[in-house]
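[1] Structure of the sequence below:
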Amino acid sequence: MSALANRKTRLSVEFSDCVRERGKLREVTMELTPYGVKVRLKGMRQSYEITPSNIYNRAVILKVEQDRKEKAAKKKATR
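    As a prediction, this is how the structure comes out:
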């Protein structure tokens, strides 16, 4: 596996997940860069950059929230 910084070609991924923007459903497109990920909607010029550490931290937060909800639901069911 080679480092992303050494790649000569652009690495982009188009997901089937859609977001409604300006009256149309648009697919989410991600382009990997050496310093993060650029996220944009297909057909739009505006892109947003996010670092892998931010993605990881957000995933951890979502998992903790999900575990808390499951624990609260289990506790409520046993009452």
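
[2] rest of the way, CA atoms for contacts and neighbours
    Noted.

[3] my guess is Ala77 is in a strand, correct?
    No. Assigned with DSSP: H, G, I helix; E, B strand; the rest coil, Ala77 falls outside any strand and is helix.

[4] And Arg7, what's its pLDDT?
    Looking at Arg7, its pLDDT is 74.

[5] Could you give the backbone dihedrals for it?
    Main-chain dihedrals, Arg7, degrees, to the nearest 10: phi -70, psi 140.

[6] do the same with Val64
    phi -60, psi -40.

[7] and it, how far is that from Arg22?
    Per Cα to Cα, to the nearest Å, Val64 is found 33 Å from Arg22.

[8] try Ala72
    38 Å.

[9] just Ala59 next, same as before
    Between Ala59 and Arg22 the distance is 28 Å, computed by Cα to Cα.

[10] Look at the two and report which has more neighbours.
    Using other Cα atoms under 10 Å as the criterion, Ala59 and Arg22 rank with Ala59 on top: 12 against 8.

[11] And that one, its phi and psi?
    Torsion angles, degrees, to the nearest 10, at Ala59: phi -60, psi -40.

[12] And for Gly23?
    phi 80, psi 10.

[13] Can you give me the neighbour number for Lys63?
    For Lys63, the count of nearby residues is 12 (other Cα under 10 Å).

[14] Which elements pack onto the helix or strand encompassing it?
    Counting by DSSP states H and E, the element that carries Lys63 is helix 52-78. Packed against helix 52-78 by the contact rule (3 or more Cα pairs under 8 Å, 6 or more residues apart in numbering; DSSP states H and E) you find no helix or strand.

[15] ok now it, how far from the chain's centre?
    17 Å (Cα atoms, centre = their mean, to the nearest Å).
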